[in-house]
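A.B. asks: below are the sequence and a predicted model for it; my questions follow.
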Amino acid sequence: NAGVTQTPKFQVLKTGQSMTLQCAQDMNHEYMSWYRQDPGMGLRLIHYSVGAGITDQGEVPNGYNVSRSTTEDFPLRLLSAAPSQTSVYFCAAETEGTEAFFGQGTRLTVV
Amino acid sequence: AQKVTQAQTEISVVEKEDVTLDCVYETRDTTYYLFWYKQPPSGELVFLIRRNSFDEQNEISGRYSWNFQKSTSSFNFTITASQVVDSAVYFCALNKWGSFKTIFGAGTRLFVKA
């Protein structure tokens, strides 16, 4: 029972590089989201999706893109990495009446 | 606008002490959910409890208990007889019923010393 799987677990990027953080869930939950966690700031919502083909911005969307072509996958793209995007990223899946199920997190460092 | 405040940044206790983690929230919605999550040193997020706004009953689960008071907009978490394994960051969170946009507090880091 995998739940929510994020890859990679660790990544180092150079400023200006692009990359995609992968997130997949096998629970058939309609809602998926991306958060970033920074010291002293809790988790902040980047983007979310209420179903395949539907995405919307969260609290801190700048510098990130998302797409939701299937229920299972919700990748997060960094278009041009900046040091301010150094953070731990969490993907989550949930449905009405349940808590959020989180992936293991991706620790990203931009140098 | 919704907001969750965890005023305690860090708490340090000695094993077997009781400890309460405070959570105060702001929302204009009448129907909402409150949550507590635990993040141990390994980094994963572990769900502890979900409470809806219509259920003000306190809940106890083993050494954990939660006190929900709408009158003071608080959802406090108490660990009785703390153990070293309770050392973690604890997050309180809020979302509106029907919306999955969850707002998290900044977290409280709990250190339990042997």
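C.D. replies: Cool, the structure landed. Residues are numbered from 1 along each chain as shown, chains lettered A, B, ... in the order given.

A.B. asks: need the strands for chain A, in chain order.
C.D. replies: A:4-7, A:10-13, A:19-25, A:31-37, A:43-51, A:54-57, A:64-66, A:76-78, A:87-94, A:101-102, A:106-110 (DSSP state E).

A.B. asks: the inter-axis angle of the fourth one versus strand A:87-94?
C.D. replies: Spelled out, that is strand A:31-37. 160 degrees (axes from the mean of the first three to the mean of the last three CA atoms, to 10 degrees).

A.B. asks: pairing partners for strand A:31-37, with directions?
C.D. replies: Within its sheet, strand A:31-37 is paired with strand A:43-51 (antiparallel), strand A:87-94 (antiparallel), according to DSSP bridges.

A.B. asks: kindly report the same for the second one.
C.D. replies: Pairing partners of strand A:10-13, with direction, according to DSSP bridges: strand A:106-110 (parallel).

A.B. asks: who touches the partner strand?
C.D. replies: A:6-15, A:21, A:78, A:81-90 (CB atoms under 8 Å, 6 or more residues apart in numbering or on different chains). Bear in mind the C-beta positions are built from the backbone N, C-alpha and C, glycine included.

A.B. asks: dump it to CSV, restricted to CA.
C.D. replies: Extracted in CSV, the C-alpha atoms of strand A:106-110 (Å, rounded to 0.1, in the frame of the first residue of the first chain):
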residue,chain,number,x,y,z
THR,A,106,11.8,16.1,-1.3
ARG,A,107,14.7,18.1,0.1
LEU,A,108,15.7,20.6,-2.6
THR,A,109,18.8,22.7,-2.5
VAL,A,110,19.4,25.4,-5.1
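
A.B. asks: angle of that strand against strand A:19-25?
C.D. replies: Using the same axes, to 10 degrees: strand A:106-110 against strand A:19-25 is 170 degrees.

A.B. asks: in strand A:106-110, what's buried?
C.D. replies: Residues A:106, A:108, A:110 are the ones in strand A:106-110 that count as buried (16 or more other CB atoms under 10 Å in any protein chain shown).

A.B. asks: how about the residues of chain A by chain B?
C.D. replies: A:31, A:33, A:35, A:40-45, A:48, A:50, A:58, A:88, A:90, A:94, A:96, A:98-102, A:104-105 (CB under 8 Å from any CB of the partner chain).
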